[in-house]
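Participant: Here is my input; please provide its structure:
(one chain, ligands or ions: 1)
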Amino acid sequence: MTTFLSARLAGMTQSEIRNMTRECEKVGGINLGQGLGDLPTPPPVRDGAIQAIRDRKSTYSFPEGALELRQLIAEKLRRDNGIEADPKTNITVTVGSSGGFACAIMGLLNPGDGILLLEPYYGYHLNAALLAGLVPQFATLSPPDFALDEAKIRAALKPNTRAIVVCSPSNPSGRMYGESDLKVIEKIAVEKNLLVITDEIYEYIIYDGRKHFCAATMPGLRDRTVTLMGVSKTFSITGWRMGYAVAPEPLSRAITLANDLFYVCAPTPLQHGIAEGFKSPPEFFAKLKGDYQRKRDIICQGLTDAGLRPIIPQGAYYVLADVSHLGYPTAKAAAMALLNETKVASVPGTAFYQGKTGEGLLRFCFAKEDEVLAEAAKRIRAFKGALVNA
Ligand code: GLN
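Facilitator: Numbering: from 1, shown residues only. Prediction:
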């Protein structure tokens with residue numbers, strides 16, 4: 001029988017992020033692997049969506065999203081990001097920020113175009129780019145600080161490079177790229193005429209008083225940047241799949257068209273739910289930072305106590321831990337040993353790397369209730385002896 005498989009999927013397999021969730025479910029473990037974000041949804045967001053369904057706001061919205069929501073997003077962009085966006089021409093409500101990424105690369109790039117990723121990267125950026133027929137290129141940043149290195153970026157550029165992806169705060173490293181880092185991106189992007197795609201999904205999950213900085217506010221980047229943001233993490237609604245893309249008008253038009261062709265629109269009642277979330281007072285966002293910082297500290301302390309060497313994140317809700325000294329042949333072997341013995345799931349670092357560095361790293365997600373994290377930390381501490389004997 002003929003097998004039907006697109007050449008675009010050749011060699012691609014399911015991400016370890018998802019594989020580890022399946023492995024974790026098999027043993028009934030604590031899932032610090034996939035960034036599930038299974039904390040409670042803010043009541044106004046939940047109730048806003050329920051009310052919208054009751055009110056029969058259940059048909060298609062405009063492909064770019066409900067105008068009321070885009071107006072609220074424009075206000076938020078001005079207030080929190082310093083971005084001036086016209087709700088009518090610069091904003092597309094997308095099916096998660098992953099949907100925004102898909103529409104941006106499909107709408108703005110051509111098969112064969114090079115797309116530069118900073119390694120460690122979010123694996124879905126890589127695989128979505130491959131699916132779109134793009135050619136991924138990598139600038140590998142070094143732990144523990146993952147500093148943005150101009151020479152490495154320049155060395156990774158090829159004649160076909162058309163875009164660069166900047167994820168800040170970064171999944172998986174937690175590194176935040178500030179104004180001086182983005183000046184480097186600006187210089188290179190202007191010189192090489194590159195599109196800049198940012199993934200800022202973790203913009204509100206930032207620590208130690210740091211400020212989030214948007215590439216799109218820089219003069220040289222304003223006209224060439226697609227800013228991808230979302231609400232999955234901010235409102236703990238990863239399964240709603242709601243995000244938005246902000247871009248200059250011609251780019252935004254292409255993104256909206258791709259969004260229309262693939263999805264028609266983002267789910268309408270959920271658009272009304274998140275509209276309520278955008279009305280949240282500043283205290284909501286301040287509390288989010290404090291809560292996640294406490295969670296970060298619980299897990300990092302547990303990892304440190306167990307000798308797993310966390311690389312303390314500046315933002316986002318993941319921590320990479322260096323496990324290379326434990327002597328496992330692969331990161332997957334280390335993750336499986338940890339899961340089998342302690343029933344705590346993590347993600348092998350290889351999900352975020354082409355090169356060998358990933359073999360020495362595990363990623364832990366700490367978007368969990370404090371008690372669950374404390375229990376996970378306790379189990380990880382108990383793993384110490386087993387590792388020493390391994
Ligand atoms: N962004 C989340 C992570 O990195 C979820 C990814 C996914 O399930 N595709 O874990």
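Participant: where's stretch 252-267 relative to the chain centroid, distance-wise?
Facilitator: With CA atoms, centre = their mean, to the nearest Å as the basis, stretch 252-267 stands 20 Å off its chain's centre.
Participant: wait, stretch 175-191
Facilitator: On CA atoms, centre = their mean, the centre of stretch 175-191 falls 19 Å from that of its chain.
Participant: Over to stretch 246-263?
Facilitator: Counting by CA atoms, centre = their mean, stretch 246-263 comes out at 20 Å from the chain centroid.
Participant: Buried residues, it. List them.
Facilitator: Going by neighbour count (16 or more other CB atoms under 10 Å), the buried part of stretch 246-263 is 246-248, 251-260, 263. Every C-beta, even on glycine, is put in place using the N, C-alpha and C of the backbone.
Participant: same thing with stretch 59-74?
Facilitator: Buried positions in stretch 59-74, judged by neighbour count with 16+ other CB under 10 Å: Ser61, Pro63, Glu64, Gly65, Ala66, Leu69, Arg70, Leu72, Ile73, Ala74.
Participant: Could I get the contacting residues of the closest residue to the ligand within the stretch 151-300 of the chain?
Facilitator: Of all residues in the stretch 151-300 of the chain, the one sitting closest to the ligand is Asn171 (5.1 Å; CB to the nearest ligand atom). Shown in contact with Asn171 (CB atoms under 8 Å, 6 or more residues apart in numbering): Gly35, Tyr122, Asp199, Ile201, Tyr202, Ala316, Tyr318.
Participant: Using TSV, lay out the residues you listed together with distance to the ligand.
Facilitator: Listed next are those as TSV, based on distance: CB to the nearest ligand atom, whole Å:
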residue	distance to the ligand
Gly35	3
Tyr122	6
Asp199	10
Ile201	8
Tyr202	9
Ala316	9
Tyr318	7
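Participant: which bits of the protein sit near the ligand?
Facilitator: Ile17, Arg18, Gln34, Gly35, Tyr124, Asn171 (CB under 6 Å from any ligand atom).
Participant: about what we covered before: tell me which element the residue of the stretch 151-300 of the chain closest to the ligand is part of?
Facilitator: Assessed by DSSP states H and E, Asn171 sits outside every helix and strand.
Participant: excluding its backbone neighbours, what's nearest it?
Facilitator: Tyr122 (4.7 Å; CB to CB, 6 or more residues apart in numbering).
Participant: show me what contacts that neighbour?
Facilitator: Tyr122 neighbours (CB under 8 Å, 6+ apart): Cys167, Ser170, Asn171, Pro172, Asp199, Phe352.
Participant: confidence score at the second one?
Facilitator: Yep, that's Ser170 we're talking about. As predicted, Ser170 sits at a pLDDT of 98.
Participant: for it, what are its contacts?
Facilitator: Leu118, Pro120, Tyr122, Phe146, Met176, Tyr177, Gly315, Ala316 are the contacts of Ser170 under CB under 8 Å, 6+ apart.
Participant: Drop anything exposed from those residues.
Facilitator: Among the contacts of Ser170, those classed as buried by 16+ other CB under 10 Å are Leu118, Pro120, Tyr122, Phe146, Met176, Tyr177, Gly315, Ala316.
Participant: The residues you listed in strands, which ones?
Facilitator: Applying DSSP state E to the buried ones among the contacts of Ser170, the entries found in strands are Leu118.
Participant: Quick check: phi and psi at Pro269.
Facilitator: Backbone geometry at Pro269, expressed as degrees, to the nearest 10, gives phi -60, psi -30.
Participant: need the strands for the protein, in chain order.
Facilitator: Using DSSP E, strands in the chain cover 30-31, 91-95, 114-119, 135-140, 161-167, 195-199, 225-230, 242-246, 310-311, 318-322, 344-345, 347-348, 361-365.
Participant: Tell me the strands beside the first one, with direction?
Facilitator: Counting by DSSP bridges, the strands paired with strand 30-31 are strand 344-345 (parallel).
Participant: Strand 361-365 and the longest helix that the chain contains, what's the angle between them?
Facilitator: Using DSSP state H, we find that the single longest helix of the chain is helix 282-305. Using axes from the mean of the first three to the mean of the last three CA atoms, to 10 degrees, the direction of helix 282-305 lies 140 degrees away from that of strand 361-365.
Participant: Grab the nearest non-local neighbour of Lys332.
Facilitator: Pro348 (4.5 Å).
Participant: same thing with Gly133?
Facilitator: Pro111 (3.1 Å).
Participant: Can you add mean pLDDT and give the strands of the chain back as CSV?
Facilitator: CSV is the format used below for the strands of the chain (pLDDT from 0 to 100):
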stretch, mean pLDDT
strand 30-31, 98
strand 91-95, 98
strand 114-119, 98
strand 135-140, 98
strand 161-167, 98
strand 195-199, 98
strand 225-230, 98
strand 242-246, 98
strand 310-311, 98
strand 318-322, 97
strand 344-345, 98
strand 347-348, 98
strand 361-365, 98
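Participant: Good, wrapping up.
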